[in-house]
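Asker: After the sequence you'll find the predicted model.
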Amino acid sequence: MATSNFIQSVKSDTKGADRSVKWYRNKIKEFGKPVAMDLIRDGKRNKKQFYGKLNMFFYSPKLKKELPYYDTFPLVLPIERYSDGFLGINFHYLPIPLRMKLLDRIMTFANSQDLEETSTRIIADYSKLKKLPIIKPTLHKYLYSQVKSQFRRVDADEFKIACLLPVQRFKKASSSEVWKDSRSMI
């Protein structure tokens, strides 16, 4: 299957039924690994990040030489604005079971539990979320000057699928090394 409209294809195969994480993971494996640029192109995009939603974008950290590792295709929930960027929770810094746990915790801050409603937004900022130990390894500041693409909006009906996609692009370390470090921070 072509990877164009990947998230929508997975979503369509649910046929409107609530599916388990295992079902989604198997369906994603069946369709194959999506191409990051296709994921950006196939969604609603903007030059600025979408608050209350998850965002996918390409990123090149300003201090990448000093960082032990970094993700060049983050999946981020922006939670705090700055004049030069924003603070966000990057789900890719957690292994999939912990991503799903974090998503469940964060959804308690949503304005609706109806994931099919595109107006569903997560209404939370750092002051509300800082009490959750699971977010510690996921917090990163993103500078607008280092964003290398438009932001792709991930609506609530796509949150679960987006969190399960194996599209993290860590540089200078493997996913398993990053996740080991993340577990030690929690």
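Answerer: Arrived safely.
Asker: chain center to stretch 13-32: distance?
Answerer: 18 Å (Cα atoms, centre = their mean, to the nearest Å).
Asker: For that stretch, give me every contacting residue.
Answerer: Outside of stretch 13-32, the residues within contact range by Cβ atoms under 8 Å, 6 or more residues apart in numbering are 1, 3, 6, 9, 10, 96, 100, 160, 161, 164, 165, 166. All C-beta atoms are positioned from the backbone trio N, CA, C, and that covers glycine.
Asker: Show me where this structure has its strands.
Answerer: 44-46, 54-56, 70-71, 75-82, 85-90, 139-143, 151-154, 170-171 (DSSP state E).
Asker: so can I have CSV of the ones you listed showing mean pLDDT, distance to residue 127 and mean neighbour count?
Answerer: Output for these, formatted as CSV (pLDDT from 0 to 100; distance: least, Cβ to Cβ, whole Å; neighbours: other Cβ atoms under 10 Å):
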stretch, mean pLDDT, distance to residue 127, mean neighbour count
strand 44-46, 95, 25, 13
strand 54-56, 98, 20, 25
strand 70-71, 98, 25, 20
strand 75-82, 98, 9, 20
strand 85-90, 98, 11, 21
strand 139-143, 98, 13, 17
strand 151-154, 96, 23, 22
strand 170-171, 98, 29, 15
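Asker: Relative to residue 106, which of those strands is closest?
Answerer: strand 75-82 (6.8 Å; Cβ to Cβ).
Asker: quick one: contacts for the residue nearest to the spatial centre of the chain?
Answerer: Geometric centre of the chain, nearest residue: residue 75, 2.5 Å, by Cα atoms, centre = their mean. Residue 75 makes contact with 54, 55, 56, 90, 91, 92, 154, 162, 163, 165, 167, 168, according to Cβ under 8 Å, 6+ apart.
Asker: Mind doing that once more with 6 Å?
Answerer: Going by Cβ atoms under 6 Å, 6 or more residues apart in numbering, residue 75 touches 54, 56, 91, 92, 162.
Asker: Not counting sequence-adjacent ones, nearest residue to residue 74?
Answerer: residue 90 (4.5 Å; Cβ to Cβ, 6 or more residues apart in numbering).
Asker: Quick check, that neighbour in contact with residue 137.
Answerer: No. Look at residue 90 against residue 137 with Cβ atoms under 6 Å: they stay out of range, at 8.9 Å.
Asker: quick one: low-confidence ranges for this protein?
Answerer: 1-4, 115-116 (pLDDT under 70).
Asker: any idea where the helices of it begin and end?
Answerer: 6-13, 21-31, 36-41, 96-107, 126-129, 159-164, 175-185 (DSSP state H).
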